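Enquirer: Using only what follows, build the 3D model:
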Amino acid sequence: MIASFWDDGISNAAYPSQLLYATQGTAPSRRFVTEFRDWDLLTSNLSTCFLLAIRASHQIILHEAGDIELRYGPRVPPGAVRNCTGGTTGTTGTQHSGACATIGMEGFSDVDGVQCNTATPAVADGRVIYFVHPR
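Expert: Numbers count the residues shown, from 1 in each chain. Okay, here's the model as predicted:
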């Protein structure tokens, strides 16, 4: 499993989100690129849920040689937080920068993965996380 921004991403009708993919290059240096473009995030308290009114984009790039690259941005800063019935509840903090996201990879067992959970933003615009395949 590859968790590039494991949080509650959701398509927002106010600015249609896209999930795009493409194969680029020629063998043996091809790349398979998956892009999450303009995704909003969903958050909740015990009684209701909220759209954070952001536009977060990121890519997962699988290199043919086995390397994995995670690219972050651009992000449109959060505006007024909208609840699921359309009302507003104020503004949001740093969730759009990964403050609540899990980032990493996991294999078939619980001992062969790498994970980053952080309370501080870890994926600012332009951030690249690169996993090198052990050759």
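Enquirer: now what about stretch 60-68, what contacts it?
Expert: The list of residues contacting stretch 60-68 from outside it, by C-beta atoms under 8 Å, 6 or more residues apart in numbering, reads 2, 4, 25, 27-34, 69-71, 105, 130-133, 135. All C-beta atoms are positioned from the backbone trio N, CA, C, and that covers glycine.
Enquirer: Buried subset of these, written for PyMOL?
Expert: The following PyMOL selection, which keeps only the buried ones among these, applies the criterion 16 or more other C-beta atoms under 10 Å:
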select buried, resi 4+33+69+70+71
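Enquirer: Following the chain onward from the lowest-mean-pLDDT helix or strand in the chain, which element is next?
Expert: Ranking every helix and strand in the chain by mean pLDDT, DSSP states H and E puts strand 88-91 at the bottom, with a mean of 48. Stepping forward along the backbone from strand 88-91, the first helix or strand reached (DSSP states H and E) is strand 102-105.
Enquirer: sorry, back to before: so which of the contacts of stretch 60-68 sit within strands?
Expert: Cross-referencing those against strands under DSSP state E gives 2, 4, 31-34, 69-71, 105, 130-131.
Enquirer: Thanks a lot, see you next time.
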